[in-house]
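*Asks:* show me the folded form of this:
(2 chains)
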Amino acid sequence: MSGAVLDVRDLTIALPAGADRAHAVAGVSFTVDPGEIVCLVGESGSGKSVIAHATMGLLPKGLRAAGGQALLAGEDVLAAGEARLRELRCTRMAMIFQEPMTALNPVMRCGDQIDEVLATHTRLSPAERRAKVLAIVRAVHLPDPERMVASFPHQLSGGQRQRIMIAMALVLEPALLIADEPTTALDVTTQAQILALIRELMRAHGTGVLFITHDFGVVAEIADRVAVLRAGTLVELGPAREVLSAPRHDYTRMLIEAVPSLVPRHRDVVTAPVVVRAQGLSKTYAQRSWLGAARHAVAAAADVSFEIRRGETVGIVGESGSGKTTVARCVARLVAPTGGRIVIGNTDFASISRHELHALRRKVQIVFQDPYRSLNPRRTVGAAIVEGPMNYGASSSEAHARARALMDLVRLDPQSLDRYPHQFSGGQRQRICIARALAMEPDLLIADEAVSALDVSVQAQVLALLDEIRQRLDLAMLFITHDLRVAAQVCDRVAVMTKGRVVEYGTVTQVFGAPRDDYTKALLAAAPGRGYAFGKAAREAGAAP
Amino acid sequence: MSATADALGLEAPARPPSAPRPGTWRRLSRNPSVFVGAAILLVVFCMGLAAPLLTPLDPGEINPVYRNKKPGTEQTIRAADGTKTVVTHWMGTDSLGRDVYARVVYGARASLTVGVAVAVISVAIGLAIGLVSGYLRWLDPIVMRIMDGVMAIPAILLAIALVSLSTAGLVAVIVAIVVPEIPRVVRLVRSVVLSIREEPYVEAAIAVGTRTPLLLVRHVLPNTIAPLIVQATYIAASAILIEAILSFLGVGIPPQTPTWGNIMAEGRTLFRVFPHNILFPGIFLALTVLAVNMLGDGLRDTLDPRMERRA
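*Replies:* Reported below is the predicted structural model:
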């Protein structure tokens, strides 16, 4: 393995005393060859980012390499001093990060930021540097390079910013590129483009790529080889095709099975009565000066219509900025829609007065995306769950009895009602949020990206829980997600939204199987790893041979 | 719509930054500036409280014979029954023969009263206005423009106006200092409320039908407490200084009540000959303000997690 760009041998990184385990990473060995993409996969806390940062010499204070080597073309970077590391970065190894907005300096033009790399590491003249900057910006397929180098980061889109980051990383043609979740913050169509770009540049320059991700779809799309990490140890290492189709380790198998399949589950058509009907729903945000004069208006949602029947799950899928969350917030009446109707029972939820709204609020409940922020950190879990029923006149003992029953329903210990949110994990908190919503005995439960912040194994459990609750309580559910895989598994019908409008609405089999709208087609084509069977299909395929 | 954001997350953050962390009191007592600041303040507070025990002399008693004596001068007092007692003027006497030590000790009362009263009143009023203004969007621009106006009133001119309207006294001084302090508290509370109201847990509370007043008290108010405690200490420090300035200028508390400000005002004319009249109250004033500010800095470092991380 002398030709490897990166040769990590028995790497061990110690955590500070008092952490939940002794080593962030223990005894990890793998190699990255030139012109090869190795994916480090793992759930949060598996130590995959720590390995990347250790290789770059960017370990945060408190973490230190306790053993092993990380050989960059034969030179141990763990033993290198700060001056040597500075020389190596960008010239021999480079890194791109998850969030391109925070990784770029907001007050410096993009061209100047790339130029800085050249000015630091080369003796080129300003004219030569400028030519090189324009060349690399062209190489990452940014339109109008002259304008791009003169722009500030905030003037570019997320995908364009990530391209600038890649240009900056590759301008000196390093032997090793470390990509730390570079597409996690991007929309699925942008993600597909960035993945294709990384692959193209890797081929053209023979760069070795260490690609860190939690997403098996991305792995299927880009990896040559895969290393699966679990709690700091390497559980499986092998060619991508083998690991994905015939995982040897139980943990890998569990992870792959937890990835929802893109093939929709067969579902019977729901014929129960309609619970919620949205007609021509729209929300326009108008920016006003403090005297009240409107400056300009943004239509976050326009003319959105759908209906949800009892026991049915309707999904709204779309990329960021498509208006899907705005629709959810309008239906929950957290914001007042500016047009259209939301009919629940016999009342138009969109236009009732404040007083009537209070009485009807309990019929629609919402579970939010971020489990760390949707519970008040200063109040116990029990207080959070009983708050709603007690607002509507339940006695304390009634409400607490109900809270205990609900904790049982969401598979949490009813005895832990007097604990605080920080004592629970992300998945557990999301269960608590579900219990809080159910305490109101709603007709409609809205899940606004409710599983997006969770690890894939936890996500699978929460999705199963939501499905079970929907069946047991015969709930109507509005499921907002950017993840097509999740939508394929939980929804009966889906609405595809872009730029505030619904472009396609139909049963999940129709929309996923035979999309009519061009945008839906593009969205489905961009879904990473669609060539692989994940989830239940993976289980069946694994069982067959 | 980002999925798992685990930049370097070895373990998901066990506690969000605003959570009440265990052992707040212990961490406070370990912070040196909190400890020293609180200790000095406690001494000054006890001094004001126990003033009659610390000196046998009346701070207002004029003695024409013992005018402008240097610190350490002894005086023999003959009581009606013929017994003699010797008192030492540790800090000398002023131009009316009053004992400076007695006046400084009693003067602590006025300073601390003004400091505490201004802090409490301005925080209470500012908190109420800030909560409402931050939460009710339609009210916000109106309230904030009024606050901008109030902020433009200088405390000293307001005090002069109030004193000329009524009589000089403790109440007038407190009102004069409170009024311009309120907008500062309102702005602080409002900024906290504006960020908290966007938190999903506040929206979740709205969704379960919690009415606005309860929502403010239960979910928003607790988050404003830590920054307010810190702000209150700074207000107290500046109030003590402004009171001294007002008394020094003669528009504050009347001269028969000793305050550090008017002791200094009294000694101003003979400063070059008898500097002790200004020196001793000045030292106490500086120490007290320093102590309050140290306490405030220490509280900010321990209660505000952002400052802690930077340290």
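*Asks:* switch to C-alpha atoms for all contacts and neighbour counts from now on
*Replies:* Noted.
*Asks:* so where's the chain uncertain?
*Replies:* By default, I'm working from chain A. Applying pLDDT under 70 to chain A picks out residues A:1-2, A:288-295, A:535-545.
*Asks:* please go with chain B instead
*Replies:* B:1-23, B:304-311.
*Asks:* all helices for it, in order.
*Replies:* Using DSSP state H, the helices of chain B run over residues B:24-30, B:32-49, B:51-54, B:100-135, B:140-151, B:155-165, B:170-196, B:200-207, B:212-215, B:221-249, B:260-267, B:276-303, B:305-310.
*Asks:* export those helices as TSV, with columns for distance to chain A.
*Replies:* As requested, these are exported to TSV (distance: least, CA to the nearest CA, whole Å):
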stretch	distance to chain A
helix B:24-30	14
helix B:32-49	24
helix B:51-54	43
helix B:100-135	14
helix B:140-151	6
helix B:155-165	29
helix B:170-196	10
helix B:200-207	4
helix B:212-215	10
helix B:221-249	8
helix B:260-267	43
helix B:276-303	14
helix B:305-310	12
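*Asks:* tell me which of the ones you listed is the most buried.
*Replies:* helix B:260-267 (a mean of 25; mean count of other CA atoms under 10 Å in any protein chain shown).
*Asks:* which helices and strands sit right next to it?
*Replies:* With contacts taken as 3 or more CA pairs under 8 Å, 6 or more residues apart in numbering or on different chains; DSSP states H and E, helix B:260-267 sits against helix B:100-135, helix B:221-249, helix B:276-303.
*Asks:* what does that helix contact?
*Replies:* B:94-95, B:100, B:103-104, B:107-108, B:111, B:243-250, B:253, B:255, B:274-275, B:277-278, B:281-282, B:284-285 (CA atoms under 8 Å, 6 or more residues apart in numbering or on different chains).
*Asks:* cool, and stretch B:59-77?
*Replies:* Applying CA under 8 Å, 6+ apart, the external contacts of stretch B:59-77 come out as B:84-100, B:102-103, B:106, B:256-258, B:274, B:276.
*Asks:* check stretch A:51-68 too.
*Replies:* Contacts of stretch A:51-68 (CA under 8 Å, 6+ apart): A:8-16, A:25, A:27, A:50, A:70, A:77-78, A:85, A:89, A:93-95, A:178, A:180.
*Asks:* measure that stretch end to end?
*Replies:* One end of stretch A:51-68 to the other measures 12 Å (CA to CA, to the nearest Å).
*Asks:* next, the contact list for the spatially most central residue of chain B, please.
*Replies:* Nearest residue to the geometric centre of chain B (CA atoms, centre = their mean): residue B:236, 1.1 Å. Going by CA under 8 Å, 6+ apart, residue B:236 touches B:114-116, B:118-119, B:292.
*Asks:* residue A:481 too?
*Replies:* Counting by CA under 8 Å, 6+ apart, residue A:481 touches A:315-318, A:448-450, A:452, A:487.
*Asks:* likewise for residue B:104?
*Replies:* Applying CA under 8 Å, 6+ apart, the residues contacting residue B:104 are B:258-260, B:263, B:280-281, B:284.
*Asks:* what's around residue A:433, how many residues?
*Replies:* 25 (other CA atoms under 10 Å in any protein chain shown).
*Asks:* and it, what does it touch?
*Replies:* Residues near residue A:433 by CA under 8 Å, 6+ apart: A:367-368, A:371, A:374-375.
*Asks:* apply 10 Å and report the result again.
*Replies:* Residue A:433 makes contacts with A:366-368, A:371, A:374-375, A:381, A:384-385, A:410, A:427, A:439, A:450, B:201, B:204, as judged by CA atoms under 10 Å, 6 or more residues apart in numbering or on different chains.
*Asks:* give me the secondary structure label for residue A:512.
*Replies:* At residue A:512 the chain is in helix, as set by DSSP: H, G, I helix; E, B strand; the rest coil.
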